[in-house]
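Student: Let's see this in three dimensions:
(2 chains)
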Amino acid sequence: MTAPRRFAYVETMLERYKAATMETLLALLPQKEPRRYLYDLIPSYPLRSGKGLRPGLCLATCGAFGGPTERAIRTAAAIELFHNAFLVHDDIEDGSEYRRGAPTLNTAYSAAIAVNVGDAMNVLSLQALMENLEYLGPQLTWRVFCEIEHMVRQSVEGQAMELGWVHENVCDLSEDDYLRMTLKKTCWYTCIHPIRIGSLIATAGAVDPERFNRFGYYMGAAFQIQDDILNLVGEEAKYGKEIGGDIWEGKRTLMLIHLLNVCNAREKIRIQRFLAVPRARRSVNEVRWIFECMQVYGSIDFARSAARQLAGAALREFVVAFGDQPDNEHKRFVGELVLYMIERDL
Amino acid sequence: MTQLPENQQAPATERAVPVSNEEKTRTSGQLDMLLGVADTTSRIVQRAASILEEELASGIVAARQIEQRFVDVEKVRSRDPQEVMQRFRRDAHEVVDILIDLVSVATTSLSGLAQRAITISADAVGGGAGSAKPAPSAGGIPALTIPQPIKPGERVEVPMTLENDSDRTTEMFRFISSDLINPDGERIPAQQITFVPDTITIEPHKSATITVSIVVPEGAPSGVYSGLLQATRLNQLRAVVTLQVA
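Tutor: Below is the predicted model:
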């Protein structure tokens, strides 16, 4: 599959949204010291080959509801900065060495420097949201801020759920547990809130953002499951992260949860033992064995099927959420993005 | 723990993906395929919908807690907001300055919301009619404003957060209301205003929420109506309620 040919429109629009977002994001950077270990490092992650999905969804929804990009651009930059702060901190939490094809900040510098850069990204996000005041007025600025507060809170709560599962070596998880964790950790901030915020800004708060919740959730869950599948079966050069890294980390993906629920008792004990030891002491043979088990028990196909079902549901919800808006390039992008989420290979 | 069913859905690899030279045609085919998948009753989608509803319901509770947090912000500002801001701006790091600005935005645009929460001071907890009471604070009587217009015949319910920031438990009290009147002298009788729970006691440094329910009588003329809500046994616990009849 060659994604650029199949999803040329989606990727062109993503690049367009990302270019606009990056221009605003870079303009937020203070032109002063300390540069070397702070301000110079902030663009490091955003400038890598990320898709810019979150600011793209925010700007596209704003456009689909008739709003100019300019009105939502600071919020889009804030969302991208929050996202990258999560990534920087996430890499430290997971001990990851590579991100989007290059060493992580914690590897290239130190965990301490990386933590500080992540904190600075969060502060710059606040600055971008403050600047909304001049363009959106106090009421809408506050409304957007409330959306962001919920978005960030849900993300850290979802992250805490997942970290807790790994820390306590929880192995009796269900599909429901996974769906709830994914909603909190990924979907609110990857899809639901960027869409809600884009529509609120475009309509000056006239649209009821609740209409987007299901659409954003289904699309976000499909995106996360596809991301986890690519982590297992993707091409490392495209994916930009270590293939199988989630198994090494003991991440409770839908595939692992499925496997733990369908394998036999002996296999489950072996998996639990693997997950109980620290990452550094896990063996490549055991990682391979778990991957083979996922194939034998159909865990990857199960996840792929789940992603498709959720994407299908998202397409139906797209009609509910965007159906009353006239067709334009932004609306087309959002609609086609659903397919891209589950068919992409990077 | 819910066991996952095996072979819940045919593996995706068994499904044919339409391929065409025309991107539009191919995309359309895939859309149809996905919509077809969604048409079949999908357990994972149903579970996702259910979980979303649960999380949204819990979010409503969180929203009330956010309202309550603004009480503290209001307290800080009411002492002498300009002086506090200036002092922070003089001394603080840029980051703090940013946060203060955000709080300023918050308190300006949400003053109506913030005032839905009412603080019970140490003076008010003393209760009884015989005890001497200082004058009401400079902050004045809190306002409870119903955010949206209400049509005649409709009911509106508004949560009102009460915060006991004293070191003593309140006596058991309940709320009573006056008639609501508009500038033309039209009235919504006090019987139309009820409170749930009927009686309440709040422990030191705890908060509680009372739901104020107002039924606008059929035929009530449009206009802005106001009245006084007063707690029994707590001399300074009162609020002005305002609603607009459409």
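
Student: for stretch A:141-148, what is the average pLDDT?
Tutor: Averaged across stretch A:141-148, pLDDT comes to 93.

Student: mean confidence score for stretch B:195-207?
Tutor: Stretch B:195-207 comes out at a mean pLDDT of 85.

Student: That one: which residues count as buried?
Tutor: For stretch B:195-207, the neighbour count (16 or more other Cβ atoms under 10 Å in any protein chain shown) marks B:Phe195, B:Ile200, B:Ile202, B:Ser207 as buried. (Each C-beta comes from the backbone N, C-alpha and C, glycine too.)

Student: ok, and what's touching it?
Tutor: B:68, B:117, B:120, B:161-175, B:208, B:210-213 (Cβ atoms under 8 Å, 6 or more residues apart in numbering or on different chains).

Student: Report pLDDT for A:Met22.
Tutor: 95.

Student: Can you get me a residue count around it?
Tutor: A count of neighbours around A:Met22, defined by other Cβ atoms under 10 Å in any protein chain shown, yields 17.

Student: who touches it in this structure?
Tutor: So A:Met22 contacts A:Pro46, A:Leu47, A:Gly52 (Cβ under 8 Å, 6+ apart).

Student: ok, and which of the contacts of stretch B:195-207 reach chain A?
Tutor: Among the contacts of stretch B:195-207, no residue sits close to chain A (Cβ under 8 Å from any Cβ of the partner chain).

Student: and these, which are buried?
Tutor: The neighbour count (16+ other Cβ under 10 Å) marks B:68, B:117, B:120, B:161-166, B:170, B:173, B:175, B:208, B:210, B:212 as buried among the contacts of stretch B:195-207.

Student: By neighbours, which of the contacts of A:Met22 wins?
Tutor: Going by other Cβ under 10 Å, A:Gly52 tops the contacts of A:Met22 with 23 neighbours.

Student: Let me know whether it touches A:Ala20 as I believe.
Tutor: No. Contact status for A:Gly52 versus A:Ala20: not in contact, 9.4 Å apart, counting by Cβ atoms under 8 Å.

Student: on that earlier part again, would you list the buried residues of stretch B:195-207 in CSV and tack on secondary structure and distance to A:Gly66?
Tutor: What follows is these, written out as CSV (DSSP: H, G, I helix; E, B strand; the rest coil; distance: Cβ to Cβ, whole Å):
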residue, secondary structure, distance to A:Gly66
B:Phe195, strand, 44
B:Ile200, strand, 48
B:Ile202, coil, 48
B:Ser207, strand, 42
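
Student: ok, so of these, who is nearest chain A?
Tutor: Distance to chain A, by Cβ to the nearest Cβ, is smallest for B:Ser207 among the buried residues of stretch B:195-207, at 19.9 Å.

Student: Tell me the confidence at the residue nearest to the closest one when sequence neighbours are not counted?
Tutor: Using Cβ to Cβ, 6 or more residues apart in numbering or on different chains and skipping the chain neighbours, the partner closest in space to B:Ser207 is B:Glu163 (4.3 Å). The per-residue pLDDT reported for B:Glu163 equals 77.

Student: Tell me the secondary structure of B:Glu163, please.
Tutor: strand (DSSP: H, G, I helix; E, B strand; the rest coil).

Student: now for the buried ones among the contacts of stretch B:195-207, which pair is the farthest apart?
Tutor: Spatial extent of those (Cβ to Cβ) is set by the pair B:Ser166 and B:Val212 at 22.8 Å.

Student: continuing past the longest helix anywhere in chain A, what's the next helix or strand?
Tutor: The longest helix of chain A (DSSP state H) is helix A:111-167. Where DSSP states H and E defines the elements, the next helix or strand beyond helix A:111-167 is helix A:175-182.

Student: Can you list the neighbours in contact with that next one?
Tutor: Residues contacting helix A:175-182 (Cβ under 8 Å, 6+ apart): A:158, A:161-162, A:165, A:220-221, A:224-225, A:252-254, A:257-258, B:2, B:4, B:44, B:47-48, B:51, B:55.

Student: mind redoing it with 6 Å?
Tutor: Helix A:175-182 is contacted from outside by A:Gly158, A:Met161, A:Glu162, A:Ala221, A:Gln224, A:Leu254, A:Ile257, B:Thr2, B:Leu4, B:Arg47, B:Ala48, B:Ile51, using Cβ atoms under 6 Å, 6 or more residues apart in numbering or on different chains.

Student: out of the residues you listed, who has the most neighbours?
Tutor: Neighbour-wise, the contacts of helix A:175-182 (other Cβ under 10 Å) top out at A:Ala221, 32 neighbours.

Student: For A:Asp324, which three-state class applies?
Tutor: A:Asp324 ends up coil, using three-state DSSP.

Student: which residues does it contact?
Tutor: For A:Asp324, the contact set (Cβ under 6 Å, 6+ apart) is empty.

Student: Sketch out the low-pLDDT regions of chain B for me.
Tutor: For chain B, the stretches with pLDDT under 70 are B:1-41, B:59-140, B:147, B:235.

Student: So which bits of the stretch 101-250 of chain A are right by chain B?
Tutor: Proximity of the stretch 101-250 of chain A to chain B (Cβ under 6 Å from any Cβ of the partner chain) is limited to residues A:123, A:126-127, A:130, A:138-139, A:141-142, A:172, A:174-176, A:179-180, A:217.

Student: What subset of those residues is buried?
Tutor: Using 16+ other Cβ under 10 Å as the burial test, these include A:Leu126, A:Gln127, A:Met130, A:Thr141, A:Trp142, A:Ser174, A:Glu175, A:Asp176, A:Leu179, A:Arg180, A:Tyr217 as buried.

Student: Quick check: which element contains the residue of chain A positioned farthest from its centre?
Tutor: For chain A, the largest distance from the centre (Cα atoms, centre = their mean) belongs to A:Arg266, which lies 34.9 Å off. Assigned by DSSP H and E, A:Arg266 belongs to helix A:265-276.

Student: contacts for the helix or strand just after that helix?
Tutor: Next along the chain after helix A:265-276, taking DSSP H and E as the criterion, comes helix A:284-296. Residues from elsewhere that reach helix A:284-296 (Cβ under 6 Å, 6+ apart): A:Gly244, A:Ile247, A:Trp248, A:Met255, A:Leu259, A:Phe274, A:Ile300.

Student: and the last one, what does it touch?
Tutor: When the contact criterion is Cβ under 6 Å, 6+ apart, the partners of A:Ile300 are A:Met255, A:Met294.

Student: Format the CA atom coordinates belonging to the helix holding A:Arg266 as PDB.
Tutor: Extracted C-alpha coordinates of helix A:265-276, given in PDB (Å, rounded to 0.1, in the frame of the first residue of the first chain):
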ATOM      1  CA  ALA A 265      -3.900 -21.100  31.600                       C
ATOM      2  CA  ARG A 266      -0.300 -22.000  31.100                       C
ATOM      3  CA  GLU A 267       0.300 -19.400  28.400                       C
ATOM      4  CA  LYS A 268      -1.400 -16.800  30.600                       C
ATOM      5  CA  ILE A 269       0.900 -17.500  33.500                       C
ATOM      6  CA  ARG A 270       3.900 -17.300  31.100                       C
ATOM      7  CA  ILE A 271       2.700 -13.900  29.800                       C
ATOM      8  CA  GLN A 272       2.100 -12.700  33.400                       C
ATOM      9  CA  ARG A 273       5.600 -13.600  34.300                       C
ATOM     10  CA  PHE A 274       7.000 -11.800  31.300                       C
ATOM     11  CA  LEU A 275       5.100  -8.700  32.200                       C
ATOM     12  CA  ALA A 276       6.100  -8.900  35.900                       C
END
